[in-house]
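Trainee: Just need the structure, nothing else, for what follows:
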Amino acid sequence: MTGTFGGALEARGIPAGEGYLESDAVGEIEKERNVLVIKRIHITYKLKVDPAILNENRDAIDRVMRVHPNSCPVYKSISGSIDVTAELELV
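Mentor: Numbers count the residues shown, from 1 in each chain. Prediction:
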């Protein structure tokens, strides 16, 4: 999902390459009928963004955050069985 998010930002002229965007993911696993199953994944994106770029592009960044999952192959593949959430930290 990080690649899809970063690509969408870059397409809008917002730097998201190496050194600008990183992510951490935490999964929650439960046991169902003695089998471990991933139930939830939470992703935290950390985007380093210049204040001038942020002021000019805040709406675009927020929109990309809202809509990028629907264009992401990973999200589309797992969202029916795993609850995927994400948050964005601007640093």
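Trainee: only C-alpha atoms for contact and neighbour calcs from this point on.
Mentor: Noted.
Trainee: Quick one: mean pLDDT for stretch 37-44?
Mentor: The average pLDDT within stretch 37-44 is 98.
Trainee: again with stretch 12-20
Mentor: pLDDT averaged over stretch 12-20 gives 94.
Trainee: what does that stretch contact?
Mentor: Applying Cα atoms under 8 Å, 6 or more residues apart in numbering, the contact partners of stretch 12-20 are Gly6, Gly7, Leu9, Glu10, Lys46, Leu47, Lys48, Val49, Ile53, Asn57, Ala60.
Trainee: buried subset of those?
Mentor: Burial by neighbour count, 16 or more other Cα atoms under 10 Å: within the contacts of stretch 12-20 this picks out Gly6, Gly7, Leu9, Lys46, Leu47, Lys48, Val49, Asn57, Ala60.
Trainee: buried stuff in the longest helix along the chain?
Mentor: Of all the elements of type helix in the chain, the one with the most residues (DSSP state H) is helix 51-67. By neighbour count on 16+ other Cα under 10 Å, the buried set for helix 51-67 is Asn57, Ala60, Ile61, Val64, Met65.
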